[in-house]
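J.: Let me see the structure of the following:
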Amino acid sequence: MDSCKIEIFNQVNEEIPELDTVLKVLYSAIEKEGLENTIFNLIIVDNEYIHELNRDYRNIDRETDVITFALEDDDTMVLPDGVRVLGDIYISIDKARSQAEEYGHSFLREICFLAVHGFYHLLGYDHMTPEDEKVMFGKQEEVLSAYGITR
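T.: Numbers count the residues shown, from 1 in each chain. Predicted coordinates:
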């Protein structure tokens, strides 16, 4: 995976040891999808910050668990050296913690799920129809299960 790079930006004032595993899971998703020369960012924020993003860019006045800003809606985000820039995945650490508790699984499972979910959004997958949801969620579960991250 030398040709792929994921930058993690932790913008909350705390250590998050689970991010090491999140990174490994994302690299396994990249490998599963056969991507090369690809970069994207994972940014960990709090509820307040993700609320602002939602309000300012999506006209939704509340926090959410994950927001992606995909840069590949057209071919303009391929760098001269052929590197694809997929975009940014923002995850609310607060929402990840509360949802892990709400769903009765580990924080690790939740943050990995949100990261992989965001990754597939960056690749253009969506879940607006039952058919699309089945494809996207199937891919997510394959990645998570292969890494031993289950509910």
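J.: which of the residues in the helix or strand hosting residue 138 are buried?
T.: For residue 138, the host element (DSSP states H and E) is helix 130-146. By 16 or more other CB atoms under 10 Å, the buried positions in helix 130-146 come out as 136, 139-140, 143-144. Just so you know, the C-beta spots here come from the backbone N, C-alpha and C atoms, and that holds for glycine as well.
J.: and which of these is nearest to residue 100?
T.: residue 144 (13.7 Å; CB to CB).
J.: Torsion angles phi and psi at residue 128?
T.: phi -80, psi -30 (degrees, to the nearest 10).
J.: And it, how close does it get to residue 14?
T.: The gap separating residue 128 from residue 14 is 34 Å, by CB to CB, to the nearest Å.
J.: Residue 119 too?
T.: Distance of residue 119 to residue 14, computed by CB to CB: 23 Å.
J.: One more: residue 20?
T.: Going from residue 20 to residue 14 by CB to CB gives 15 Å.
J.: got a list of contacts for stretch 127-146?
T.: For stretch 127-146, contacts defined as CB atoms under 8 Å, 6 or more residues apart in numbering pick out 25, 28-29, 32, 109, 112-113, 116-117, 120, 125-126, 150.
J.: hang on, I meant stretch 5-18
T.: With CB under 8 Å, 6+ apart, stretch 5-18 has contacts from 19, 22-23, 26-27, 30, 38-46, 49, 93, 107-108, 111-112.
J.: end to end, how far does it reach?
T.: 18 Å (CA to CA, to the nearest Å).
J.: Please point out which parts of that stretch sit buried.
T.: 6, 8, 18.
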